[in-house]
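J.: Return atomic coordinates for the entry below.
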Amino acid sequence: MIRYRFHFLILVVAAFVFWLAKESDFAYYELMGALHATAVVVSLRNRKAHHAMLALCFIVLAAAWSAATPVIAYRSLALWSLFPQAPNGGGLAYILMWVAGSAVGSAGYWLLVRLFWLRSLGRADCLRTVALCVAATLLSFPVAMLDQSGKDHYATVLFTVAWWLAFSLSLYWSEVSGQAKKSTPAIATVS
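T.: Numbering: from 1, shown residues only. The predicted structure is shown next:
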């Protein structure tokens, strides 16, 4: 349902917009979700599928989920006593917070994508999405640690863009494997 070449091109533009907004802390997390959700909506193949109100609801919910994700991740870690005090910007607790945020964010956003646009996605697709997003987050850490001051927000931009790419790749993988599964029985009956 998504035109992926166009989608990834739009993500490049979204990454540039996000980088420009790095100086502003206003609606930072909301912008993360809204930009990716907009890239999904704009790149849908079926133009009838994205009515203006439906698309707007999806983008607003994605932005709200993105804003809620850090809070939910932090509280879930505190609930399990894995995070007795606030993160100090380093160490295992800090990495665990990012990983939890990546997992929570990708699972919730995946549900929104499934609910609004790609109803054929299954549980295995959700697990793949979460795994790829967590992997992208973990792989971003060595590069992100170069921005020790944190004032340039390069780490956040890197984590976000890597996460967006992982999420979109998981959708692409799900659609391609879903199409392959649909065509396999037809090939088997021809033989």
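J.: which residues touch the nearest residue to V161 once chain neighbours are set aside?
T.: Counting by Cβ to Cβ, 6 or more residues apart in numbering, A15 is the residue found nearest to V161 once chain neighbours are left out, at 4.8 Å. Glycine gets a C-beta too; all of them are placed from N, C-alpha and C. By Cβ atoms under 8 Å, 6 or more residues apart in numbering, the contact list for A15 reads 157, 160-161, 164.
J.: for the record, mean pLDDT for the helix or strand that A15 is a member of?
T.: Using DSSP states H and E, A15 sits in helix 4-20. For helix 4-20, the mean pLDDT works out to 92.
J.: For it, buried residues please.
T.: By 16 or more other Cβ atoms under 10 Å, the buried positions in helix 4-20 come out as 7-8, 10-11, 14-15, 18-19.
J.: number of nearby residues for V41?
T.: V41: 21 surrounding residues under other Cβ atoms under 10 Å.
J.: now swap in F167 and tell me
T.: Neighbours around F167, by other Cβ under 10 Å: 24.
J.: Excluding chain neighbours, what is closest to it?
T.: Closest to F167 by Cβ to Cβ, 6+ apart is C133, at 5.7 Å.
J.: isn't the one you found right up against A103?
T.: Yes - shown here, C133 and A103 form a contact pair, counting by Cβ atoms under 8 Å, at 7.2 Å.
J.: More neighbours: those two, which one.
T.: Here C133 and A103 are compared on neighbour count by other Cβ under 10 Å; more neighbours surround C133, at 28 against 19.
J.: Could I get the pLDDT score of the more buried one?
T.: C133 is assigned 95 on the pLDDT scale.
J.: Now do the helices in this structure.
T.: Assigned helices in the chain, in chain order: 4-20, 28-42, 52-79, 91-116, 123-144, 154-190 (criterion: DSSP state H).
J.: and I10, how far is that from V113?
T.: Going from I10 to V113 by Cβ to Cβ, to the nearest Å gives 15 Å.
J.: likewise A14?
T.: Taking Cβ to Cβ, one finds A14 at 16 Å from V113.
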